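> Sequence first, then the predicted structure, then my questions.
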Amino acid sequence: MLKWIGKLYLALFGWKSEGGRPIESHFVLIAAPHTSNWDLPHMIALAWAYELKIHWMGKHVLFNWPHGPFFRWLGGISIHRATANNRVQQMAGEFKAKASFVLIVPAEGTRSYTAHWKSGFYHIARLAEVPIVMGYLDFARKRGGFGPAIETTDNMRADMDQIRAFYSDKTGKNPDRFGPVLLKEEM
């Protein structure tokens, strides 16, 4: 039933899905560009349309009463950004503990402009030994879907070059908020 709800939602908003569902059972899914509150419902609708059970990380205030239980039901995982608590290790451990696990990470870490992406998605994938799949919402074309899966290597810059190339033609709802596809470690 969620599949049809997702497809109906996308149709009502004039969106179409592109490409196929990733074949991997474990992967980190980049959610980019992330420039609007609309990204979350569109992303969830796409996941439902593809019959993909997802987990996503969100700011802890989303999980306060009264909407916290609903966001957790949608696959949300509360993140307190102000405290360091080994999130990379915790999330990598989830991949090891579950038969199937898809973790969506908004690599920008915010809907506002930022000069670089947060590298958690990359380090989680490396530590968990799972691929990174490039998910997208292209508001200019009203299309969303999945790009290729890449395995991380010992060459972060080369890995990121593939990711940069993929996102070079994707447009967020607020294009001026989509900063460079660059990790701080690359600067």
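Everything's here; your move. As the structure is a computational prediction, the values presented were derived from the model and not from experiment.

> Show the contacting residues for Lys3.
48-49, 51 (C-beta atoms under 8 Å, 6 or more residues apart in numbering). Glycine gets a C-beta too; all of them are placed from N, C-alpha and C.

> 10 Å instead?
Counting by C-beta atoms under 10 Å, 6 or more residues apart in numbering, Lys3 touches 47-52.

> Phi, psi for the residue nearest to Glu151 when sequence neighbours are not counted please.
Nearest non-adjacent residue to Glu151, counting by C-beta to C-beta, 6 or more residues apart in numbering: Pro131, 5.4 Å away. Note on Pro131: its backbone torsions stand at phi -70, psi 160 [degrees, to the nearest 10].

> Quick check: of the contacts of Lys3, which lies closest to Tyr113?
Ala47 (26.0 Å; C-beta to C-beta).

> returning to what we had before: of the contacts of Lys3, keep whichever come out buried.
The neighbour count (16 or more other C-beta atoms under 10 Å) marks 47-50, 52 as buried among these.

> Now intersect those with the helices, please.
47-49 (DSSP state H).

> Is it possible to get a markdown table of those residues that adds distance to Thr110 and pLDDT?
Putting those into a markdown table (distance: C-beta to C-beta, whole Å; pLDDT from 0 to 100) gives the following:
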| residue | distance to Thr110 | pLDDT |
| --- | --- | --- |
| Ala47 | 21 | 96 |
| Trp48 | 25 | 97 |
| Ala49 | 26 | 97 |
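
> Quick check: Pro69 touching Phe63?
Yes - under the criterion of C-beta atoms under 10 Å, Pro69 makes contact with Phe63 at 8.5 Å.

> What sits closest to the residue positioned nearest the centre of the chain if chain neighbours are left out?
Centroid-nearest residue in the chain: Ala31, 2.7 Å away (criterion: C-alpha atoms, centre = their mean). Computed as C-beta to C-beta, 6+ apart, the closest residue to Ala31 that is not its neighbour in sequence is Pro106, at 4.5 Å.

> How many residues are close by that neighbour?
Pro106 is flanked by 25 other residues according to other C-beta atoms under 10 Å.

> what sits against it?
30-35, 39-40, 43, 56-59, 117-118, 120-121, 135.
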